[in-house]
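J.: A structural model of the following input is requested.
(2 chains)
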Amino acid sequence: MHIWLDPKRCKGCLRCELACSFHNSGHKLFSPALSSTRVTRDAENKTMTLSIDSTCDLCAGEEFPWCVKACVFGARGRER
Amino acid sequence: MNSYGGRILRVDLSREEISFQETKVYADRWIGGRAINTWICLDEMAPQVEWNSPESLLCFGVGVLAGTLAPGACRVSIECKNAFNGGIGSSNVGGFWGTELKYAGFDHIIVKGKAKRPVFLFVSDREVRILDASNLKGKTTWETEAAIRETFGDERIRIASIGPAGENLVKSACIICDRASAAGGSGCGAVMGSKNLKAIAVRGRTGISVADPERFMKAVDEEMKKVNQWEFIKEIREKGYYGAMGGRLESKGWEEGYRPVKNGQDEYWGREKIAKIAENVMQNYRTATVACFSCPTACRPWTKVPEGNYAVEGEGWWNNSSNAFCTKIDNTDIESAIYAHHLTNQLGLDMDNASQAISWAYECYEKGYLTKADTEGLDLSWGNGETLIKLLRKLAFREGIGDLLADGALQAARRLGKGEDFVIHVKGQDSLDGVRINKGWGFGIVVSPVSGRHLRGSLGGFWLTRGKKVNSYEDVPRDLFYHQKKKVIQDILGTCSYVYGQTLEDWIELFSSATGRHLSKEQFLEIGLKAHNLEKAFNSLHAGFDRSDDYPCARYYNEPVKSGPYQGETLDHEIWDKMLDELYELQGWDKTTSLQTRKGLEKLDLKDVADKLESFGKLAP
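T.: Model prediction:
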């Protein structure tokens, strides 16, 4: 399984980062700093850059990764 | 403290001192955000303190739910002394700055004093520093943000800053967060400028916990279902709020009084002109929509004029923008209006306030009270978008006629000795909105303790969905009384009006599961009423406002609407008086003077406020 990312559909709300940190921090914390995924918006031209780092375990044991569930804009998805 | 940053940062710029308090000191009584800020303003500022003196306070307070997955919870309240009139100043802003502050471990920043030289504040979870800002002096907010990020080499630093307008103590100056989120009204940007404080940069790497994670996430899921099932959500995400709702050519808002025309001479613009700036045109300039922190709505358009004199791009374009830069000065040139929108963000000007002073100047020009000799040769004829751009710059830098307008239209009229009868203001603060057609909207704006501003409980579209006619007076005071309290709760929690479907019960469930503290609906509404009473008390003590300040400005009270479906619409003076009586009675205030009563305040457990008012002779006999 992997997670696909579509920066063109991203609105930059960072709900993915919050969902990730909440699920993966071990302490159920909302904290972008503890997220395995990252969204960066270019302030001048709103270009979004999306990434996932090596600490991501695809939310092992979950049917859907939490960041995918959290995105309402269709900017990321799961592929088996 | 679950769902809180946990601490309040106190900064004294005169003494260059930094100190910390636990938020809990205030949270038991006032919960958070706007209510804590307002209490601190009332409790700590003496009535004789001027808005621009070192003793005045500038209070930032992040909502209790901000930083969590509560949909759209990101907002910050900013309270201070209103630069226009000395009453309570109050503003509210979204974006990303507030949540970053919470991740740095703070819920509030209370700024006092005045720095000896321009400074900016750097706040993180590791340190708080007062830093030299000499190199930022005169820079726009966009330049300021870029310079600070470059200095620290961290693109995640979030910045609240003032532009040239705030530095030059222009009263329509606002504080801009993240380039495009404006904390407008009350001159809070001028208050910040008076402290020589150019910016507050924040960076946080800690986390926010919630008391009952499972229950909280269930409440979040319920909210998200409502948002996702809303019939307009797909369109809003695609077109933004203006494109999907208020800015559509067929939107009723164009004829229901939300659109002040030619400095409020009229409240209807005519379909031919509307068609030049409505969504049918705006869609050509919108390249995307973007969201605030944690927001599932994404109502913000990204607008771009690709080339020509008005080439610009950036975040935002609101109904207000179409009023401020189009209808108010009769301007159908959309490119100049989009440029003006982004220019106000860069200069740190509040579009509602600034556009009122400017449209007043246009009318003075029409009447011959101002001529080219007074305007450095500028042609202020209705519809001139090029002049609008030049005036915004002159205003921000207090150049020439800009200096006349920089203290607000009412002061400008008094300096000029003419034109006071057509200044559109509330309690002396320049006001954007039309109030004659939509009675619920208008009454809320005029009686608001923060001197205008249509988001402070004013009854807009949601009131009409209850089956009211737009110009009906029915139930206005009672409904406003409820919505004023509800808005306080919203500003305590940091949620947003544009996240669809959130009821008071929904907020209570999110709040309880996040903080572990249960308050009933009645208790929450009482907190709303109490905070509203703090604002009223501040106004009585600091500005001496009474019943006479709760009437519309002369033009709106006396002149009828000139054209459109509501041609001839006026405000009924007798009914206005009765509405004030009813509202004061609901609030427990004296009908004759509007002053608060000991009985009313003690019923709300505000004996300390009653004692203070009495000692200054501001309690109703």
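J.: Please enumerate residues in contact with the biggest helix by length in chain A?
T.: Using DSSP state H, we find that the single longest helix of chain A is helix A:15-24. Contact partners of helix A:15-24, identified using C-beta atoms under 8 Å, 6 or more residues apart in numbering or on different chains, comprise A:28-39, A:55-57, A:59, A:62, A:66-72, A:75-76, B:68-69, B:207, B:213, B:217, B:294, B:296. Yep, even glycine has a C-beta here, placed from its N, CA and C like the rest.
J.: what does stretch B:518-526 give?
T.: B:31, B:482, B:485-486, B:489, B:504-505, B:507-508, B:511-512, B:527, B:604.
J.: what do you get if the cut-off is 6 Å, keeping everything else the same?
T.: B:Lys485, B:Ile489, B:Leu504, B:Ser512 (C-beta atoms under 6 Å, 6 or more residues apart in numbering or on different chains).
J.: Was I right to think the first one contacts B:Leu529?
T.: Yes - taking C-beta atoms under 6 Å as the contact criterion, B:Lys485 and B:Leu529 are neighbours in contact, 5.3 Å apart.
J.: got the phi/psi numbers for residue 69?
T.: This is for chain A. Backbone dihedrals for A:Lys69, given as degrees, to the nearest 10, come out at phi -60, psi -30.
J.: should've been chain B
T.: Dihedral angles (degrees, to the nearest 10) for B:Leu69: phi -90, psi 10.
J.: Check the burial of residue 61 by counting its neighbours.
T.: I went with chain A, as the question did not name one. The number of residues packed around A:Gly61, counting by other C-beta atoms under 10 Å in any protein chain shown, is 6.
J.: please go with chain B instead
T.: Using other C-beta under 10 Å: B:Gly61 sits among 33 other residues.
J.: these two touch, right, it and B:Arg75?
T.: No - counting by C-beta under 6 Å, B:Gly61 sits too far from B:Arg75 to count as a contact (9.8 Å).
J.: who wins for neighbours among the contacts of stretch B:518-526?
T.: B:Ile489 (24 neighbours).
J.: now it, what's its secondary structure?
T.: Classification of B:Ile489 using DSSP: H, G, I helix; E, B strand; the rest coil returns helix.
J.: Any residue of the helix or strand containing B:Asp221 touching chain A?
T.: Taking DSSP states H and E as the definition, B:Asp221 sits inside helix B:213-229. Yes - under the criterion of C-beta under 6 Å from any C-beta of the partner chain, chain A is reached by helix B:213-229 at B:Pro213.
J.: Not counting its own residues, what contacts that helix?
T.: A:Lys28, B:Leu69, B:Pro71, B:Val210, B:Pro296, B:Tyr500, B:Gly501, B:Asp506, B:Glu509, B:Leu510, B:Ser513, B:Ala514.
J.: Tell me which residues of that helix come out buried.
T.: B:Pro213, B:Arg215, B:Phe216, B:Met217, B:Ala219, B:Val220, B:Glu223, B:Met224, B:Lys226, B:Val227 (16 or more other C-beta atoms under 10 Å in any protein chain shown).
J.: just to revisit the earlier point, for PyMOL, write a command that selects the buried ones of the contacts of helix A:15-24.
T.: Applying 16+ other C-beta under 10 Å to the contacts of helix A:15-24 leaves a buried subset, and the PyMOL line that selects it is:
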select buried, (chain A and resi 28+29+30+31+32+33+34+35+36+37+38+39+56+59+66+67+68+69+70+71+72+75+76) or (chain B and resi 68+69+207+213+217+294+296)
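J.: Kindly provide the distance from the residue lying farthest from the centre of chain A to B:Arg149.
T.: Taking C-alpha atoms, centre = their mean, the residue of chain A most remote from its mean C-alpha position is A:Glu44, at 22.4 Å. Distance of A:Glu44 to B:Arg149, computed by C-beta to C-beta, to the nearest Å: 11 Å.
J.: quick one: contacts for whichever residue of the stretch 401-550 of chain B sits closest to chain A?
T.: Residue of the stretch 401-550 of chain B nearest chain A, by C-beta to the nearest C-beta: B:Ala514 (9.8 Å). B:Ala514 sits next to B:Ser3, B:Val210, B:Phe216 when contact means C-beta under 6 Å, 6+ apart.
J.: check contacts around the nearest residue to the last one once chain neighbours are set aside.
T.: Nearest non-adjacent residue to B:Phe216, counting by C-beta to C-beta, 6 or more residues apart in numbering or on different chains: B:Ser513, 3.9 Å away. B:Ser513 is in contact with B:Asp212, B:Arg215, B:Phe216, B:Ala219, counting by C-beta under 6 Å, 6+ apart.
J.: at 10 Å what do you get?
T.: B:2-3, B:68, B:70, B:210-220 (C-beta atoms under 10 Å, 6 or more residues apart in numbering or on different chains).
J.: do you know how far it is from B:Phe20?
T.: 28 Å.
J.: For the nearest residue to B:Lys603 once chain neighbours are set aside, give its distance to chain A.
T.: In space, and not counting its chain neighbours, B:Lys603 is closest to B:Gly588: 6.7 Å by C-beta to C-beta, 6+ apart. Using C-beta to the nearest C-beta, to the nearest Å, B:Gly588 is found at 39 Å from chain A.
J.: Look up the pLDDT of B:Gly588 for me, please.
T.: With respect to pLDDT, B:Gly588 scores 95.
J.: What of the one 4 residues further on?
T.: In the prediction, the pLDDT value recorded for B:Thr592 is 97.
J.: now it, nearest residue through space, not along the chain?
T.: Nearest one to B:Thr592, counting by C-beta to C-beta, 6+ apart, is B:Arg547 at 7.0 Å.
J.: For the one you found, the count of nearby residues, please.
T.: Neighbours of B:Arg547 using other C-beta under 10 Å come to 17.
J.: For it, give me its contacts.
T.: Here B:Arg547 is in contact with B:Asp577, B:Leu580, B:Asp581, B:Tyr584, B:Trp589, B:Asp590, B:Lys591, B:Thr592, B:Thr593, B:Ser594, B:Leu595 (C-beta under 10 Å, 6+ apart).
J.: Which positions in the stretch 201-350 of chain B make contact with chain A?
T.: B:203-210, B:213-214, B:216-217, B:220-221, B:224, B:227-228, B:233, B:237, B:287-300, B:302, B:304, B:313-315 (C-beta under 10 Å from any C-beta of the partner chain).
J.: Mind checking which of these are in strands?
T.: Secondary structure from DSSP state E places B:Arg203, B:Thr287, B:Ala288, B:Thr289, B:Val290, B:Arg300, B:Trp302, B:Lys304, B:Glu313, B:Gly314, B:Glu315 of these in strands.
J.: of those residues, buried ones?
T.: If we count by 16+ other C-beta under 10 Å, these have these buried: B:Arg203, B:Ala288, B:Thr289, B:Val290, B:Arg300, B:Trp302, B:Lys304, B:Glu313, B:Gly314, B:Glu315.
J.: excluding its backbone neighbours, what's nearest the second one?
T.: Across the structure, with C-beta to C-beta, 6+ apart as the measure, the residue nearest B:Ala288 apart from its sequence neighbours is B:Trp302 (4.3 Å).
J.: surely that neighbour meets B:Met282?
T.: No - between B:Trp302 and B:Met282 no contact is recorded; they are 11.8 Å apart, counting by C-beta atoms under 10 Å.
J.: Give me the common contacts of those two.
T.: B:Gly240, B:Trp317.
J.: Contact partners for the closest residue to chain A within chain B?
T.: Chain A sits closest to B:Gly207 of chain B, with a gap of 3.0 Å, by C-beta to the nearest C-beta. Residues counted as contacts of B:Gly207 (C-beta under 10 Å, 6+ apart) are A:18, A:21-22, A:25, A:27-34, B:67, B:102-103, B:105.
J.: which one of these sits closest to B:Ser56?
T.: Comparing the contacts of B:Gly207 against B:Ser56 with C-beta to C-beta places B:Lys102 closest, at 25.2 Å.
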